[in-house]
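Novice: Whatever this is, show me its structure:
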Amino acid sequence: MQIYMVGGAVRDRLLGRPVNDHDWVVVGATPEDMVARGFVPVGRDFPVFLHPETHEEYALARTERKSGRGYRGFVVQASPDVTLEEDLSRRDLTINAIAADAEWTGVGAVFDPYGGAKDLQRRVLRHVTEAFREDPVRILRVARFAARFADFTVAPETMALMREMVQAGEADHLVAERVWQELSRGLMEPAPARMFEVLRECGALAVLLPELDRLWGVPQRAEYHPEVDTGVHVMMVLQMAARLSAPLPVRFACLVHDLGKGTTPQDVLPRHIGHEQRSSRLLKPLCERLRVPVDCRELADVVAREHGNIHRSGELGAAALLRLLERCDAIRKPERFGDVLLACECDARGRLGFEDAPYPQRARLLAALDAAQRVATAPIAAQAAARGLAGPKVGELIHAARVQAVAESLSGH
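Specialist: Just a heads-up that it's a prediction; the model follows:
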């Protein structure tokens with residue numbers, strides 16, 4: 001039995017980046033050998049085991065043979081005869097197909113049969129072998145690594161192979177959970193816009209997120225959007241979210257906030273009247289298709305519907321501000337409303353020349369929310385009951401008190 005460190009731990013150590021976890025490959029062992037040494041089997045599809053003390057994953061060296069469509073269409077063979085080089089040959093990128101001795105600390109030789117170390121130096125994302133084409137998830141992984149390593153380029157032959165895979169219909173068979181898993185991880189990388197640029201370049205974006213793909217080439221009014229192109233704007237918004245260290249729900253909301261602009265009739269362009277409601281309608285089936293988590297889809301819906309009103313909130317009086325807060329469910333969910341405002345700030349600053357502009361709407365709306373929340377509703381309800389009022393009438397009195405409180409807050413009292 002021989003144990004090797006592989007994949008990300010070797011790659012990141014060679015790059016001088018922090019190593020957060022390790023992947024291990026075991027050559028020359030059987031599942032029975034692993035269990036006899038106290039390893040706990042956890043792999044449902046592959047022979048993977050947890051170390052009895054560190055609980056890190058150890059996988060038996062294996063080969064794969066394509067047997068059907070999609071990423072599940074594989075026959076896996078794991079046996080003591082499988083070599084380390086054969087195991088590395090099935091990996092996605094050369095920079096992830098480097099191995100080292102178990103005790104390797106970053107100094108000394110590595111096992112690099114596919115030139116991954118040179119590609120690290122060249123800053124290139126390159127597929128290992130033609131086996132790449134057998135798993136469409138690898139298209140997403142390349143795009144995600146492009147978002148992580150912003151100074152890397154995708155090798156021309158790898159991009160050509162990804163295009164061939166898309167044209168052959170491989171991307172049509174991706175499972176929703178895997179798509180969301182990779183998209184969500186890519187959204188949290190330092191340069192998330194690059195993920196979608198790579199997916200668009202190889203044609204996969206039109207398959208996976210056609211609602212987003214159609215935004216490129218759609219013009220906007222230059223006086224509000226000097227970058228003009230809607231797709232370019234959305235990528236700028238997404239990059240602003242990364243710059244402001246926004247959480248995943250905010251980044252997803254930024255990605256999908258303008259979907260409705262892709263369905264604006266040609267005869268009214270570059271204006272996009274009513275695009276907010278169209279964005280909300282397009283968002284619902286997209287989230288269902290990709291099985292987007294509830295927190296992400298709910299925040300995205302609020303941002304899609306209300307970002308225009310939030311941008312214009314400086315023009316609103318107390319009553320209109322309170323209605324806006326109520327539509328955003330801000331009084332019940334103030335923390336989520338903070339994320340809504342962050343997404344809207346990213347939208348406002350994700351424009352050419354506005355990257356460092358202030359966003360005063362945030363302070364004004366938070367002050368209005370604070371005033372509305374400070375209204376004591378119990379005494380109002382008690383007084384209404386004493387007058388024989390109930391139901392909607394009580395709600396009207398509370399609403400009026402909140403409007404007054406917001407008005408006083410805006411006037412400085």
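Novice: Would you mind writing the CA trace of whatever helix or strand residue 344 lives in as PDB?
Specialist: Residue 344 is part of helix 334-349 when elements are defined by DSSP states H and E. In PDB, the C-alpha atoms belonging to helix 334-349 read as follows (Å, rounded to 0.1, in the frame of the first residue of the first chain):
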ATOM      1  CA  PRO A 334     -34.500  43.300   8.800                       C
ATOM      2  CA  GLU A 335     -31.300  41.300   8.300                       C
ATOM      3  CA  ARG A 336     -32.400  40.100   4.900                       C
ATOM      4  CA  PHE A 337     -33.300  43.700   4.000                       C
ATOM      5  CA  GLY A 338     -29.700  44.600   4.700                       C
ATOM      6  CA  ASP A 339     -28.700  42.000   2.100                       C
ATOM      7  CA  VAL A 340     -31.300  43.500  -0.300                       C
ATOM      8  CA  LEU A 341     -29.700  46.900   0.100                       C
ATOM      9  CA  LEU A 342     -26.200  45.400  -0.400                       C
ATOM     10  CA  ALA A 343     -27.300  43.800  -3.700                       C
ATOM     11  CA  CYS A 344     -28.800  47.100  -4.800                       C
ATOM     12  CA  GLU A 345     -25.600  49.000  -4.000                       C
ATOM     13  CA  CYS A 346     -23.700  46.500  -6.100                       C
ATOM     14  CA  ASP A 347     -26.200  47.100  -8.900                       C
ATOM     15  CA  ALA A 348     -25.700  50.900  -8.600                       C
ATOM     16  CA  ARG A 349     -21.900  50.700  -8.500                       C
END
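Novice: Name the next helix or strand downstream of the least confident helix or strand in the chain by mean pLDDT, please.
Specialist: The helix or strand of the chain with the lowest confidence, counting by mean pLDDT, DSSP states H and E, is strand 74-78 at a mean of 67. Going down the chain from strand 74-78, the next helix or strand is helix 84-89, by DSSP H and E.
Novice: For that following helix, list every residue counted as buried.
Specialist: For helix 84-89, a neighbour-count test (16 or more other Cβ atoms under 10 Å) marks 84, 87-89 as buried. For every residue, glycine as well, the C-beta is placed using N, CA and C.
Novice: Packing partners of the helix holding residue 344?
Specialist: Here helix 334-349 touches helix 230-243, helix 248-256, helix 294-311, helix 361-373, going by 3 or more Cβ pairs under 8 Å, 6 or more residues apart in numbering; DSSP states H and E.
Novice: ok and that helix relative to helix 361-373, angle-wise?
Specialist: Going by axes from the mean of the first three to the mean of the last three Cα atoms, to 10 degrees, helix 334-349 is angled at 160 degrees with respect to helix 361-373.
Novice: deepest of the helices and strands packed on helix 334-349, which one?
Specialist: Ranked by mean neighbour count under mean count of other Cβ atoms under 10 Å, these are led by helix 248-256, which reaches a mean of 25.
Novice: so which of the buried residues of helix 84-89 comes closest to residue 187?
Specialist: Nearest to residue 187 out of those is residue 88 (Cβ to Cβ; 28.9 Å).
Novice: ok so, going back, and residue 394, which of the helices and strands packed on helix 334-349 is closest to it?
Specialist: helix 361-373 (16.2 Å).
Novice: contacting residues around the closest one?
Specialist: 310-311, 313-314, 318, 321-322, 324-325, 330-331, 334, 337-338, 341, 344-345, 348, 402, 405-406, 408-410 (Cβ atoms under 8 Å, 6 or more residues apart in numbering).
Novice: What of stretch 334-349?
Specialist: With contacts defined as Cβ under 8 Å, 6+ apart, stretch 334-349 is touched by 237-238, 240-241, 244, 246-247, 249-250, 253-254, 257, 298-299, 302-303, 306-307, 310-311, 325, 328-330, 354-357, 359, 361-362, 365-366, 369, 373.
Novice: Kindly report the same for stretch 180-188.
Specialist: Here stretch 180-188 makes contact (Cβ under 8 Å, 6+ apart) with 137, 140-141, 143-144, 147, 192, 195, 238, 248, 251-252, 255, 290-292, 296.
Novice: Kindly list the main-chain dihedrals of the closest residue to residue 96 other than its chain neighbours?
Specialist: Nearest non-adjacent residue to residue 96, counting by Cβ to Cβ, 6 or more residues apart in numbering: residue 7, 5.1 Å away. Taking degrees, to the nearest 10, you get phi 70, psi -140 for the backbone angles of residue 7.
Novice: Just grab the bridge partners of the residue nearest to residue 269 when sequence neighbours are not counted for me.
Specialist: The shortest distance from residue 269 to any residue other than its chain neighbours is 5.6 Å, reached at residue 219 (Cβ to Cβ, 6+ apart). Going by DSSP bridges, residue 219 is paired in beta bridges with residue 229.
Novice: Measure how buried residue 219 is and give me the count.
Specialist: Residues lying near residue 219 (other Cβ atoms under 10 Å) number 15.
Novice: List the contacts of it.
Specialist: Residue 219 neighbours (Cβ under 8 Å, 6+ apart): 228-230, 269-270.
Novice: So which bits of stretch 130-145 are buried?
Specialist: Using 16+ other Cβ under 10 Å as the test for burial, stretch 130-145 gives 131-145.
Novice: cool, and stretch 386-400?
Specialist: Using 16+ other Cβ under 10 Å as the test for burial, stretch 386-400 gives 394, 397-399.
Novice: okay, the one helix or strand residue 179 maps to in CSV with CA atoms only?
Specialist: In this assignment (DSSP H and E), residue 179 forms part of helix 176-187. C-alpha atoms of helix 176-187 as CSV (Å, rounded to 0.1, in the frame of the first residue of the first chain):
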residue,chain,number,x,y,z
ALA,A,176,-29.5,20.2,-11.3
GLU,A,177,-27.8,19.6,-7.9
ARG,A,178,-24.3,19.4,-9.5
VAL,A,179,-25.0,22.5,-11.6
TRP,A,180,-26.0,24.5,-8.5
GLN,A,181,-23.1,23.1,-6.5
GLU,A,182,-20.6,24.3,-9.0
LEU,A,183,-22.3,27.6,-9.7
SER,A,184,-22.6,28.5,-6.0
ARG,A,185,-19.0,27.7,-5.5
GLY,A,186,-18.0,29.8,-8.5
LEU,A,187,-20.1,32.7,-7.3
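Novice: Can you name the element that comes right after it?
Specialist: helix 192-202.
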